[in-house]
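**Q** dropping the sequence and predicted coords here.
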Amino acid sequence: MATNLLSELRGLHSRLEGIEGRLRTLEARNHALEEENAELQRQQREAYAARDKALLDCEYLQVSHKLADSPDTLADTRRRIAGLIRNIDRCLDMLKE
């Protein structure tokens, strides 16, 4: 009877060691997947930022082309727009006071 109990305990101990090994493996895999997920999320944020910048550049070029056909006219138009923006900023400051 004692030998049966000892053999059962040895069997349970062996199975427990197997389960512990599998748990360690799964924890390591989980950690690796969490790191991969974080890296993919970082790459996604960078890709979205690059896309947004490209869209903004595209919009800027479209507006620039519509505003002026030549580089000289475009420079004059930009100066005029910058002046208008400064006037609007001054007006907003005056309204705040």
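**A** That came in fine, so what should we check first?
**Q** contacts, neighbours, all on C-alpha from now
**A** OK.
**Q** so in the chain, where's the weakest helix or strand by average pLDDT?
**A** Lowest by mean pLDDT, DSSP states H and E among the helices and strands of the chain is helix 71-96, with a mean of 88.
**Q** and the helix or strand containing residue 20, how far out from the chain middle?
**A** In this assignment (DSSP states H and E), residue 20 forms part of helix 2-67. Distance of helix 2-67 from the chain centroid (CA atoms, centre = their mean, to the nearest Å) equals 15 Å.
**Q** rewinding a little: helix 2-67 and the least confident helix or strand of the chain, what's the angle between them?
**A** Helix 71-96 and helix 2-67 are oriented at 110 degrees to each other (axes from the mean of the first three to the mean of the last three CA atoms, to 10 degrees).
**Q** helix 71-96 packs against which elements?
**A** helix 2-67 (3 or more CA pairs under 8 Å, 6 or more residues apart in numbering; DSSP states H and E).
**Q** any idea of the mean pLDDT in the helix it packs on?
**A** Mean per-residue pLDDT for helix 2-67: 92.
**Q** and residue 66, how far is that from residue 84?
**A** 18 Å (CA to CA, to the nearest Å).
**Q** with residue 30 instead?
**A** In terms of CA to CA, residue 30 sits 56 Å off from residue 84.
**Q** ditto for residue 95
**A** Counting by CA to CA, the gap from residue 95 to residue 84 is 16 Å.
**Q** same question for residue 39.
**A** Distance from residue 39 to residue 84, by CA to CA: 44 Å.
**Q** ditto for residue 96
**A** For residue 96 relative to residue 84 (CA to CA), the value is 18 Å.
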